[in-house]
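Participant: Here is my input; please provide its structure:
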Amino acid sequence: MEETLAQLRAAAEPTRLRLLALCARGALCVTDLCAALGQSQPRLSRHLKLLVEAGLLERMPEGSNVYFSLAARADLARAILARLPEDDPLLAADRRLAARLSAERVRAASDAFRDAGADWDEMRALGLPGAAIEAAVLAALPRRVGHLLDIGAGTGQLLELVADRCDAALGVDASRDMLALARGRLAERGLAPRCAVRQADMYRLPFPDGGFDAVTLQMVLHYAEDPAAALAEAARVLSPEGVLLVVDLAPHGRAELMERHAHRWPGFDDGQMAGWLGEAGCALSSPVEIPGPPDVNLNVRLWSAHRATAVQPA
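Facilitator: Model (predicted):
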């Protein structure tokens with residue numbers, strides 16, 4: 001009862017109710033919340049602190065900034081927000097301003113990528129068969145997934161692909177620019193907050209053991225310094241009998257990719273993947289190969305594994 005009373009007290013204040021209404025639509029950073037509500041950061045920080053302490057909001061540090069989103073267990077907040085009129089002038093104004101600020105952040109991130117000459121859609125950059133890869137991922141996933149984690153989510157393309165199958169899907173990435181683009185993509189398609197992203201290190205995921213029913217790594221491992229450690233960490237957060245999907249390049253002889261695209265591994269063979277997954281406590285199913293166009297000379301492999309044993313933290 002004390003927890004419920006604390007949450008009711010935290011929500012029963014105009015500014016905090018406005019904060020909950022905004023954060024329920026997707027993660028927002030402190031800077032954007034201050035601008036949307038027209039209040040100073042010190043004052044808003046006190047309100048945010050109370051909402052976090054009450055378990056209504058989740059605080060997610062990201063570089064020099066901090067993002068806030070509705071906590072997964074904030075059912076009371078969702079019930080309260082459901083009673084608010086959608087056409088309330090103040091809440092509608094908050095939403096419009098927050099949407100504009102989010103769009104500006106996405107444009108800035110896009111400009112940063114263009115200025116750096118980076119092509120963040122790697123599958124397109126490499127000429128890989130995106131539609132065939134997406135079909136293989138959907139075929140390998142269960143028809144219904146509770147909680148899914150996408151490691152190295154990039155711009156959120158895979159989250160968008162699997163959204164209809166998941167109760168909740170979370171993507172993590174180390175790049176703040178990527179995360180800004182992903183947040184914009186998910187919001188634009190009406191997938192937030194059921195699909196969300198946050199900054200995290202794939203070697204030290206900030207999640208408890210066994211918290212996800214499915215974990216995906218798409219075109220991530222060939223950048224990893226230590227693929228075995230990344231897979232072990234992915235397996236740690238996978239629930240018993242959960243499914244782990246790895247999509248990456250098959251072994252290839254294109255040495256220029258190592259330099260031009262900063263790849264650290266020239267693709268992976270089934271023996272490597274089976275060994276690493278076995279060490280992580282996962283049993284590998286039959287791999288699937290997705291051939292690339294003949295002129296590209298790159299094939300993609302999909303490795304599907306299931307959690308076979310309890311994985312102990314390293």
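Participant: so who does Glu2 touch?
Facilitator: Contacts for Glu2 (Cβ atoms under 8 Å, 6 or more residues apart in numbering) come out as none. Where you see a C-beta, it was placed from the backbone N, CA and C, and this is true even at glycine.
Participant: and it, how far is that from Leu8?
Facilitator: Using Cβ to Cβ, to the nearest Å, one gets 11 Å for the distance from Glu2 to Leu8.
Participant: try Ala192
Facilitator: From Ala192 over to Leu8 the distance is 26 Å, taken as Cβ to Cβ.
Participant: Pick out whichever of those two has more residues nearby.
Facilitator: Using other Cβ atoms under 10 Å as the criterion, Ala192 and Leu8 rank with Ala192 on top: 23 against 13.
Participant: Assign a three-state SS to the residue lying closest to the more buried one once chain neighbours are set aside, would you?
Facilitator: What sits nearest to Ala192 in space, not counting adjacent residues and going by Cβ to Cβ, 6 or more residues apart in numbering, is Gly26, at 3.3 Å. What DSSP: H, G, I helix; E, B strand; the rest coil gives for Gly26 is coil.
Participant: average model confidence for the longest strand anywhere in the chain?
Facilitator: Secondary structure of the chain per DSSP state E: the longest strand is strand 238-249. Computed over strand 238-249, the mean pLDDT rounds to 95.
Participant: What are the buried residues along it?
Facilitator: Within strand 238-249, the residues that count as buried by 16 or more other Cβ atoms under 10 Å are 238-239, 242-249.
Participant: now for it, which elements pack on it?
Facilitator: Using 3 or more Cβ pairs under 8 Å, 6 or more residues apart in numbering; DSSP states H and E, the elements in contact with strand 238-249 are helix 130-140, strand 212-218, helix 227-236, helix 270-279, strand 300-307.
Participant: Would you mind giving the orientation angle of it with respect to strand 212-218?
Facilitator: Put simply, strand 238-249 runs at 10 degrees to strand 212-218, going by axes from the mean of the first three to the mean of the last three Cα atoms, to 10 degrees.
Participant: Please compute how far strand 238-249 lies from its chain's middle.
Facilitator: 15 Å (Cα atoms, centre = their mean, to the nearest Å).
Participant: need the next SSE after that strand, C-terminal direction.
Facilitator: Helices and strands here follow DSSP states H and E; after strand 238-249, the next one along the chain is helix 256-260.
Participant: Show residues contacting that next one.
Facilitator: By Cβ under 8 Å, 6+ apart, helix 256-260 touches 126, 263-264, 266.
Participant: Spatially nearest residue to Glu122 (excluding sequence neighbours)?
Facilitator: Excluding the flanking residues, the one nearest Glu122 by Cβ to Cβ, 6+ apart is Met219, at 5.4 Å.
Participant: Which residues are in contact with that neighbour?
Facilitator: Met219 neighbours (Cβ under 8 Å, 6+ apart): 122-123, 152, 247-249.
Participant: Quick one: distance of stretch 256-267 to the chain centre.
Facilitator: For stretch 256-267 - counting by Cα atoms, centre = their mean - the centre lies 24 Å from the chain centre.
Participant: How far does that stretch stretch from one end to the other?
Facilitator: The straight-line separation of the ends of stretch 256-267 (Cα to Cα, to the nearest Å) is 13 Å.
Participant: List the buried residues for it?
Facilitator: Buried residues in stretch 256-267 (16+ other Cβ under 10 Å): 257, 263, 265, 267.
Participant: Which ones among those lie within helices?
Facilitator: Leu257 (DSSP state H).
Participant: can you list the buried residues of stretch 256-267 in TSV and add pLDDT?
Facilitator: Below are those laid out as TSV (pLDDT from 0 to 100):
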residue	pLDDT
Leu257	73
His263	81
Trp265	89
Gly267	92
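Participant: and the buried residues of stretch 256-267, which two are the farthest apart?
Facilitator: The most widely separated members of the buried residues of stretch 256-267, counting by Cβ to Cβ, are Leu257 and Trp265 (9.9 Å).
Participant: what do the two both touch?
Facilitator: Common neighbours of Leu257 and Trp265 (Cβ under 8 Å, 6+ apart) do not exist.
Participant: just the helices and strands packed on strand 238-249: most buried one?
Facilitator: Highest mean neighbour count of these: strand 212-218, a mean of 25 (counted as mean count of other Cβ atoms under 10 Å).
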